[in-house]
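Asks: Here is my input, please return the structure:
(4 chains)
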2 protein chains.
Amino acid sequence: MEKIKPHKERRLKEIEVLKAAILKAARDLAIEDGWPKVSIRKIAAIIAYTPPVIYEHFKNKEAILIELESHGFRKLKYALEEARESQSDPVEQLLAISSTFWDWAFKNAEYYQVMFNLDGIRSTPPSTEALKDTGKSVAEVLKQIHLFSADTDELFFNWWAMMHGHVSLVMSGQLRGMDSQVKRHMLGGMKRFAKAL
Amino acid sequence: MEKIKPHKERRLKEIEVLKAAILKAARDLAIEDGWPKVSIRKIAAIIAYTPPVIYEHFKNKEAILIELESHGFRKLKYALEEARESQSDPVEQLLAISSTFWDWAFKNAEYYQVMFNLDGIRSTPPSTEALKDTGKSVAEVLKQIHLFSADTDELFFNWWAMMHGHVSLVMSGQLRGMDSQVKRHMLGGMKRFAKAL
DNA sequence: GATTTTCGCATAACACCGTTAGGAATTTTA
DNA sequence: TAAAATTCCTAACGGTGTTATGCGAAAATC
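Replies: Next up, the predicted model:
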């Protein structure tokens, strides 16, 4: 068994720390000024290195976004699961999940934007897998509610569309200033959606 | 009454022509390679002028996009009105409008993307006015259908969210390759939506 | 008709961007 | 101690939106 030399181990930690710092810097910049203003050079300045160093940890700028995207989906998934567990009735669960989704999206707008390419920074889109996995709680709840009606895939996509539609219209500014009003509308629509199943 | 001198008049025509050429060049570039690859320099090359000339017709790059956005909304509005007139029953009208919306969005993706900032090129978002005006047909149809239930604003936003949600999830690649499947699901959801009113 | 003014347009530059090549200095290995 | 590898920087390439400057030609004025 090979013994790992202490300085090697320390170095590995350092690399991990630096990688985390890059991700944090990118996110902080996005929170501050929005994704379009995030640049490799600014990230480098924050972590007090020169730009090329970043390319030792990430293949390119896109790779940083992809990593943050998956962070975002994991966090959102967790939030939705928690929301579901706060209720026992399936319809109540659906409403709780939807409400939590909304709140999470705006409290973590920088994540949401990179997850759904809302600022068009990404050149490759997130995979369908992320959607399916993140919405697992919803899929299960829908299965419990619908009992007899349309196929589950349809309901699942309908739910995603209603959520992302409302959120992205507000977030991209088309309905700026109507946040809470639109959230009410979204929940109203979700109730009708559940009732129609 | 002041007489307009012929060379002045000719010049005004030239300016109009050039402005139209700039808009067309931008759109063609977007159709070819997507909005992120559209640049002032490339537009200039196409119209066979140098970049500064473009700034005599548009304040900046954003202004070009804003103009195309309003073109897009006008065209979409017209398409939706036509769809409505193809049916007499209100529910059928709603479905026809929704189906047409879908088809239009993908047949005019370069417009749709600039209208909803799907590629994040815009820094200022389109106004709520454009949404309200474009969706006028829908608002009227919804008023005819709902008779007693929830307020019209809510239904109107719900419709926009369902449409834009489905479209943007497919268009931004999250559901790539599932175009026709998702369209079916969207129409299914829309039927349930109409039935629940 | 000559002179002045205005107009149309290009050259060149500024400040930024993502990304990469090359090399210096330091640290680890032999 | 010499060789090898690692770490990190400087400098550059080709691209971006945008603007200052100025030249030549056309139009307006005298």
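Asks: Give me the contacts around stretch A:165-175.
Replies: A:101-102, A:105-106, A:109, A:112-113, A:116, A:118, A:176, A:178-179, A:182-183, A:185-186, A:189, B:116-117, B:124-128, B:130-131, B:157, B:160-166, B:168 (Cβ atoms under 8 Å, 6 or more residues apart in numbering or on different chains). Quick note: C-beta positions are derived from backbone N, CA and C, even for glycine.
Asks: ok, now which ones touch A:Lys61?
Replies: A:Ile40.
Asks: Check it and give its pLDDT.
Replies: The score at A:Lys61 is 97. That number is its pLDDT.
Asks: All the strands of chain A, residue numbers only.
Replies: Counting by DSSP state E, chain A has no strands at all.
Asks: Centre-most residue in it?
Replies: Centroid-nearest residue in chain A, with Cα atoms, centre = their mean: A:Gly72, separated by 3.6 Å.
Asks: what's the spacing between the nearest residue to it once chain neighbours are set aside and A:Lys61?
Replies: Counting by Cβ to Cβ, 6 or more residues apart in numbering or on different chains, A:Tyr111 is the residue found nearest to A:Gly72 once chain neighbours are left out, at 3.5 Å. Noted for A:Tyr111: a distance of 17 Å to A:Lys61, by Cβ to Cβ, to the nearest Å.
Asks: Over to A:Gly188?
Replies: A:Gly188 is 40 Å from A:Lys61, by Cβ to Cβ.
Asks: that older thread, filter the contacts of stretch A:165-175 down to the buried ones, ChimeraX style.
Replies: Buried residues within the contacts of stretch A:165-175, by 16 or more other Cβ atoms under 10 Å in any protein chain shown, are selected in ChimeraX with:
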select /A:101,102,105,109,112,113,116,118,178,182,183,185,186,189 /B:116,117,125,126,127,130,131,157,160,161,162,163,164,165,166,168
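Asks: near DNA strand C, from the contacts of stretch A:165-175?
Replies: For DNA strand C, no contacts are drawn from the contacts of stretch A:165-175 by Cβ under 7 Å from any atom of the strand.
Asks: Against which helices or strands is the longest helix along chain A packed?
Replies: Across chain A, the longest stretch assigned as helix under DSSP state H is helix A:6-33. Contacting helix A:6-33 under the criterion 3 or more Cβ pairs under 8 Å, 6 or more residues apart in numbering or on different chains; DSSP states H and E are the following elements: helix A:40-46, helix A:61-85, helix A:109-115.
Asks: highest average neighbour count across these?
Replies: helix A:109-115 (a mean of 22; mean count of other Cβ atoms under 10 Å in any protein chain shown).
Asks: other SSEs contacting that helix?
Replies: helix A:6-33, helix A:61-85, helix A:90-107, helix A:152-171.
Asks: Make JSON lines from these and add distance to B:Gln87 to it.
Replies: Below are the helices and strands packed on helix A:109-115 laid out as JSON lines (distance: least, Cβ to Cβ, whole Å):
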{"stretch": "helix A:6-33", "distance to B:Gln87": "45"}
{"stretch": "helix A:61-85", "distance to B:Gln87": "38"}
{"stretch": "helix A:90-107", "distance to B:Gln87": "32"}
{"stretch": "helix A:152-171", "distance to B:Gln87": "23"}
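Asks: wait, which of those helices is closest to B:Lys143?
Replies: Closest approach to B:Lys143 among these (Cβ to Cβ): helix A:152-171, 20.8 Å.
Asks: tell me the angle the closest one makes with helix A:90-107.
Replies: Here the directions of helix A:152-171 and helix A:90-107 differ by 40 degrees (axes from the mean of the first three to the mean of the last three Cα atoms, to 10 degrees).
Asks: can you tell me the average pLDDT over helix A:152-171?
Replies: Mean predicted lDDT for helix A:152-171 stands at 96.
Asks: Quick one: closest of the helices and strands packed on helix A:109-115 to DNA strand D.
Replies: helix A:6-33 (4.8 Å; Cβ to the nearest atom of the strand).
Asks: quick check: mean pLDDT across the closest one?
Replies: 89.
Asks: May I see the buried residues of it?
Replies: Buried-residue list, helix A:6-33, by 16+ other Cβ under 10 Å: A:18-19, A:21-23, A:25-27, A:29-30.
Asks: From DNA strand C, how far out is A:Ile97?
Replies: Going from A:Ile97 to DNA strand C by Cβ to the nearest atom of the strand, to the nearest Å gives 35 Å.
Asks: so that residue sits right up against A:Lys136, yeah?
Replies: No: look at A:Ile97 against A:Lys136 with Cβ atoms under 8 Å: they stay out of range, at 10.7 Å.
Asks: Can you pick out the residue with more neighbours from the two?
Replies: Between A:Ile97 and A:Lys136, counting by other Cβ atoms under 10 Å in any protein chain shown, A:Ile97 is the more crowded of the two (25 against 14).
Asks: Please name the nearest non-neighbouring residue to A:Phe58.
Replies: Nearest to A:Phe58 is A:Ile64, by Cβ to Cβ, 6+ apart, at 5.1 Å.
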